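A.B. asks: Quick check, what structure comes out for this input:
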Amino acid sequence: MRRLTAAEAEIGARYAATGILASGVSAGQRVAIDLPPIADPPRCADQHANLIKLVLGMLRIGVIPVLVNPLLAVREREYVIANCDPTLVIASDAQVEELLEPQSTVGTELSQELIARPMHYTSGTTGTPKGVWTGFLPSDQISRWWADELEMWGFDSCDSTLVHGPLAHSGPLRFALLVILSGGSVLLPGGFDPGRISRALASEKPTAAFVVPTHLQRLLDLPDLPASPYRRLAHAGSTCPPELKRRIHAWAGLDQTWEFYGSSEGQFTSCTGREWEERPGTLGRARQGRSLFIDEGTIWCQTPDYTAFEYWKDPEKTAAAWRATAGGRAFTVGDLGRLDNDGYLYLDGRREDLIISGGVNVYPAQVEHVLLEHPRIADAAVFGIDDERWGQRVCAAIACDPVSGVLTGAEIGDFVETLLAPFQRPKTYLQVDELPRNVMGKVLRNELRQRLQSG
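C.D. replies: Model (predicted):
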């Protein structure tokens with residue numbers, strides 16, 4: 001288990017900032033970070049520690065890191081890198097280590113606050129990744145955003161956070177940076193493994209973690225899981241089944257467990273375990289400084305100016321996400337929900353057709369596009385069904401070319417292995433003669449779910 005302290009991170013950030021500036025990168029520009037995955041846990045943990053130092057240094061000088069998910073297929077990673085117009089691409093651990101080499105930092109002025117935010121890509125409804133861009137905001141507003149996050153979570157120098165998910169995702173990275181900014185430390189296991197995490201809970205006694213329900217499901221299934229050491233355990237990213245939710249509360253405590261509802265674009269609500277038990281199914285009330293309203297079933301969030309974002313190179317999508325209100329600007333990610341009389345939010349549906357599997361967004365259009373590249377697949381529809389382990393399981397209905405004959409699940413799996421990330425690959429295939437569609441030609445995904453579930 002690798003422990004990164006605030007002091008070590010600060011020194012590394014200074015070296016990284018000096019190296020980044022020497023590479024010709026200026027404030028406001030983007031640096032794509034596309035590091036290869038490492039299977040060996042100790043080496044992976046060292047890579048993650050260096051990544052945090054690197055990102056921290058960039059954010060202190062106003063340079064915008066673009067985190068590329070190493071689990072994505074090669075061509076999608078290439079798309080993200082090309083799309084973000086980076087001044088520099090960091091694609092090897094050797095590059096990172098060179099940037100972090102001890103050197104004179106004379107002349108490198110680091111802000112005491114973070115004056116930039118990472119740029120994360122989130123898949124659009126067409127399956128094309130979209131960058132969530134805040135680089136147009138002045139540095140004082142970016143600093144206010146970080147201060148708002150620090151106030152929300154209340155970390156201090158006694159805290160340590162145990163990283164469960166990939167640092168390319170906004171939640172795990174944000175928690176790690178917030179704890180470092182508070183003077184605490186980050187525990188890096190080198191990838192999620194239930195047994196390794198369990199041992200760290202007993203030996204390292206972390207006080208905070210950001211997780212998705214799948215992480216907790218796998219941990220709570222262990223026969224010898226130690227008592228929870230957490231004072232702040234936050235989960236988000238996908239629907240948490242009520243049975244699992246109550247198991248989490250019993251293990252970690254009602255006041256220690258938090259759920260929040262949000263996305264790479266912004267945060268909507270937060271909810272303690274105690275609030276959820278009083279109102280089962282709720283995602284809580286609007287976070288401080290925000291307000292919620294529902295318009296034709298769609299959830300909108302009125303936010304402070306410092307939370308503004310744009311979709312990189314997509315003014316139409318940006319315009320659709322924002323609207324002016326009497327109380328200021330509000331944004332939506334298209335989710336559907338309702339509010340009770342006390343302002344507690346309940347989610348009725350995610351963005352149309354979105355599958356959230358293991359806390360990761362999977363868009364059917366993206367997977368379908370790959371499946372249809374197979375010469376023997378005539379038509380395909382991808383959908384999610386409820387799954388105790390994953391939240392939702394990715395499934396695909398396949399209509400094969402009648403002349404070529406039916407494909408086996410193994411044959412399709414072999415085809416998509418190099419074209420889709422592991423979390424995007426369907427876990428179940430349903431063979432159909434043709435896809436059911438309505439009069440407008442839209443695939444009836446609910447009918448496909450019913451067919452699969454009825455056997």
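A.B. asks: Stretch 231-244 spans what distance, first to last residue?
C.D. replies: Counting by C-alpha to C-alpha, to the nearest Å, you get 19 Å between the two ends of stretch 231-244.
A.B. asks: So for that stretch, mean pLDDT?
C.D. replies: Confidence for stretch 231-244, expressed as mean pLDDT, is 87.
A.B. asks: got the contact list for it?
C.D. replies: Residues outside stretch 231-244 that contact it (C-beta atoms under 8 Å, 6 or more residues apart in numbering) are 153-155, 159, 171, 175, 207-217, 220, 248, 252, 256-262, 280-281, 347, 356-360, 386, 388, 391-392. The way it works is simple: take the backbone N, C-alpha and C, and place the C-beta from them, glycine included.
A.B. asks: Am I right that Glu149 is in contact with Leu173?
C.D. replies: No - using C-beta atoms under 8 Å, Glu149 makes no contact with Leu173, being 11.7 Å away.
A.B. asks: Give me the more crowded residue out of the two.
C.D. replies: Leu173 (23 against 17; other C-beta atoms under 10 Å).
A.B. asks: Low-confidence bits of the stretch 1-150 of the chain, can you list those?
C.D. replies: Residues of the stretch 1-150 of the chain that meet the criterion pLDDT under 70 lie in 123-127.
A.B. asks: need the helices for it, in chain order.
C.D. replies: 6-22, 41-60, 74-83, 93-99, 139-153 (DSSP state H, counting those that start in this stretch).
A.B. asks: and if you look at the stretch 251-400 of the chain?
C.D. replies: Along the stretch 251-400 of the chain, the segments classed as helices by DSSP H, counting those that start in this stretch run 273-278, 315-321, 364-371.
A.B. asks: The most centrally placed residue in the chain: what's it in contact with?
C.D. replies: Centrality entry for the chain: nearest residue to the mean C-alpha point is His169, 3.9 Å, by C-alpha atoms, centre = their mean. Taking C-beta under 8 Å, 6+ apart as the contact definition, His169 lies against Leu67, Asn69, His120, Val360.
A.B. asks: wait, the second one sits on Leu167?
C.D. replies: Same thing as Asn69. No - between Asn69 and Leu167 there is no contact under C-beta under 8 Å: 9.8 Å.
A.B. asks: Settle it for me: which of the two has more neighbours?
C.D. replies: Leu167 (27 against 20).
A.B. asks: Grab the nearest non-local neighbour of that one.
C.D. replies: In space, and not counting its chain neighbours, Leu167 is closest to Leu173: 4.7 Å by C-beta to C-beta, 6 or more residues apart in numbering.
A.B. asks: and after the helix or strand the one you found falls within, which helix or strand comes next?
C.D. replies: Taking DSSP states H and E as the criterion, Leu173 maps to helix 170-181. Note on helix 170-181: by DSSP H and E, the next helix or strand toward the C-terminus is strand 185-188.
A.B. asks: Quick check: next helix or strand after that following strand?
C.D. replies: By DSSP H and E, the next helix or strand past strand 185-188 is helix 194-204.
A.B. asks: picking that back up, who are the packing partners of the helix holding Leu173?
C.D. replies: Helices and strands touching helix 170-181, as assessed by 3 or more C-beta pairs under 8 Å, 6 or more residues apart in numbering; DSSP states H and E, comprise helix 6-22, helix 41-60, helix 139-153, strand 160-162, strand 185-188, strand 208-211.
A.B. asks: Quick one: closest of the helices of the stretch 251-400 of the chain to Gly62.
C.D. replies: When the helices of the stretch 251-400 of the chain are compared by C-beta to C-beta, helix 315-321 sits nearest Gly62, at 21.9 Å.
A.B. asks: So for that closest one, what gets flagged as buried?
C.D. replies: Buried residues in helix 315-321, counted by 16 or more other C-beta atoms under 10 Å: Lys317, Thr318, Ala321.
A.B. asks: mind listing what the second one touches?
C.D. replies: Residues in contact with Thr318 (C-beta under 8 Å, 6+ apart) are Glu310, Tyr311.
A.B. asks: do the last one as well
C.D. replies: Ala321 makes contact with Glu265, Tyr311, Phe331, Thr332, Val333 under the criterion C-beta under 8 Å, 6+ apart.
A.B. asks: I'd like those laid out as CSV, including pLDDT, neighbour count and distance to Arg232.
C.D. replies: As requested, those are arranged in CSV below (pLDDT from 0 to 100; neighbours: other C-beta atoms under 10 Å; distance: C-beta to C-beta, whole Å):
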residue, pLDDT, neighbour count, distance to Arg232
Glu265, 94, 21, 23
Tyr311, 97, 19, 31
Phe331, 97, 21, 26
Thr332, 96, 19, 28
Val333, 92, 19, 25
